[in-house]
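**Student:** okay, structure incoming, though there's no sequence with it:
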């Protein structure tokens, strides 16, 4: 019995401890107070504090020195919500937190709601600004990663470390009377014509062709074409090129860019021919590269017109050559063997002729790349780099386009010597002479609706479509309806394409349906109306398309069909483009919103710094994403550059 008592649990003692513990729990137990009741108590304490502070302020007494109405001091007032020293820690913390909230509310009670709203708005804007600043820094880093790092120079020049520091010198000089004028006059002329220049020692702008010292035969030919006064890009571009400077020319479509680089080239070739005539297999002295065959043919026609006008006036004969895909190379070789002054070519055929040593660039000192951003951006970059390797000496390099994003400008500067950037209007802006109409049309109703749009104006009318099969379908439908229509796209042979363009340009046909092969640089006289059967997936293509009308101070209409298949990023670009050109924005476009306004308030550069689109930022640029996908999957060139085999 004793061992059982010793080994057994002390039942009574255990029960006593349990009882003591339970009694302690009962003493420490705090009844639950509902949230509503706690808020009521908090508001009661707050009201009491505000009342006492108001009484002290009105009576001028210190709340800490004067007793309250109950006989307590000011210290006792502030202690209304203070916890007792012997209370448990959780209760102290909770009451201290409530006291802080009460005091914060008391401070806010002295501030008006308007002031509180202003303070909260400032805090929100400061937070938003910090976020946007961070995003702008990320955009800058992203642009640096995609910016061109390699110099656009010949391989031999890079290997030997040759670097040209001074532009080519020419014999042309501005008139002495113009040189004597102050710089303020030149700045005033540029402001009047909205010309922006960037570079060192920019030649003065000249307001007349006579001041540019062109021979009478050239002036007569220009007058016959209706060109009496130079356009803004010609006012500054021609003096710069005649001075031997490398330039980046940016101007809207139809502004006379072609004459800016054709006129000086013909003058330089004439000077060389008069000094020492070109021998067999010598030349070219100047070369013009462009992305499409139609544009190359058009430029060659302008060159031939100038050369013919000079030859009729008694000057030496100047020969030009066309090197494009789809045309027998024997015609070009017959001119080259006699000695050629000007060569107009597409990159593919030119590379083929250079590789086969059909043509040499030993004496070539003048290179113009028209629609430069298109060629570099859409796959001809390596071809252009290889072409530079065939030059034997320094050359004057010109790059022209209606759209020139910052990425392409950085790329271009690596090839130029002290370049001058001449910008007439914003790069990528639409012509203000074009009335832009955007309509929502269902895909199945677009072909039929074209007939309604053709009633808006008289011929000639251009219709653009993205796909070749759509071009053929539209032409067939129009022919069935009795409309005189022709079609051109990269799937047709060169003879058929040339025949269609010539028939439309001469007025024999009223409507031409085309893919984007006809949107880059082609000059059709008096186009009244451009119809976009579909919205292109790039806003630059849209700008080039509608630029076929409203040329040379004429006006025109551009109608664009929009459907649900159009991407939102392109529609946002279109919306901001319409706003910039002060055109009517349809409701379905106005409903689209972007974060671009927030960036503009921060003073950020407008639009995407990669492609120049106005409705998005570089962080969500669709073209940069497309280029990355194309590089990864090695997709071929698009149709508006003509397929790669066709240009060879």
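**Tutor:** Cool, got the structure. Everything numeric in this text was worked out from a predicted model, so none of it was measured. Numbers count the residues shown, from 1 in each chain.
**Student:** pLDDT of the helix or strand hosting residue 453, averaged?
**Tutor:** Using DSSP states H and E, residue 453 sits in helix 446-454. Mean pLDDT, computed over helix 446-454, is 92.
**Student:** which SSE is immediately downstream of it?
**Tutor:** Assigned by DSSP H and E, the successor of helix 446-454 is strand 461-464.
**Student:** partners of that next one in the sheet?
**Tutor:** strand 511-514 (parallel), strand 529-532 (parallel) (DSSP bridges).
**Student:** which residue, other than its chain neighbours, is closest to residue 454?
**Tutor:** Distance criterion C-beta to C-beta, 6 or more residues apart in numbering; nearest residue to residue 454, sequence neighbours excluded, is residue 461 at 6.1 Å. C-beta: built from backbone N, CA, C; applies to glycine.
**Student:** and the gap between residue 189 and residue 419?
**Tutor:** 21 Å (C-beta to C-beta, to the nearest Å).
**Student:** so for these two, which sits in the more crowded spot?
**Tutor:** residue 419 (23 against 18; other C-beta atoms under 10 Å).
**Student:** related to what we said a few turns ago, now the strands paired with strand 461-464 as JSON lines including distance to residue 124 and mean neighbour count?
**Tutor:** Formatted as JSON lines, the strands paired with strand 461-464 follow (distance: least, C-beta to C-beta, whole Å; neighbours: other C-beta atoms under 10 Å):
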{"stretch": "strand 511-514", "distance to residue 124": "51", "mean neighbour count": "27"}
{"stretch": "strand 529-532", "distance to residue 124": "42", "mean neighbour count": "24"}
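**Student:** just put those strands in a markdown table and tack on mean pLDDT and distance to residue 587.
**Tutor:** Compiled in a markdown table, the strands paired with strand 461-464 are given as follows (pLDDT from 0 to 100; distance: least, C-beta to C-beta, whole Å):
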| stretch | mean pLDDT | distance to residue 587 |
| --- | --- | --- |
| strand 511-514 | 93 | 29 |
| strand 529-532 | 94 | 19 |
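**Student:** does residue 589 touch residue 576 like I think?
**Tutor:** No - contact criterion C-beta atoms under 8 Å: residue 589 and residue 576 do not qualify, at 9.7 Å.
**Student:** please say which of these two ends up with more neighbours.
**Tutor:** residue 576 (22 against 19).
**Student:** just want the phi and psi numbers for the more buried one.
**Tutor:** phi -70, psi -30 (degrees, to the nearest 10).
**Student:** how near is it to residue 430?
**Tutor:** Taking C-beta to C-beta, one finds residue 576 at 11 Å from residue 430.
**Student:** related to what we said a few turns ago, closest to residue 395 out of the strands paired with strand 461-464?
**Tutor:** Ranking the strands paired with strand 461-464 by proximity to residue 395 (C-beta to C-beta) places strand 511-514 first, at 33.7 Å.
**Student:** what does that closest one rub up against?
**Tutor:** 454, 459-465, 471, 474-475, 478, 483-489, 500-501, 504, 518 (C-beta atoms under 8 Å, 6 or more residues apart in numbering).
**Student:** show me the strands in the stretch 251-400 of the chain, by range?
**Tutor:** 286-289, 320-323, 342-345, 366-370, 396-401 (DSSP state E, counting those that start in this stretch).
**Student:** which of those strands sits most buried?
**Tutor:** strand 342-345 (a mean of 28; mean count of other C-beta atoms under 10 Å).
**Student:** per-residue confidence at residue 591?
**Tutor:** Value for residue 591, per-residue pLDDT: 83.
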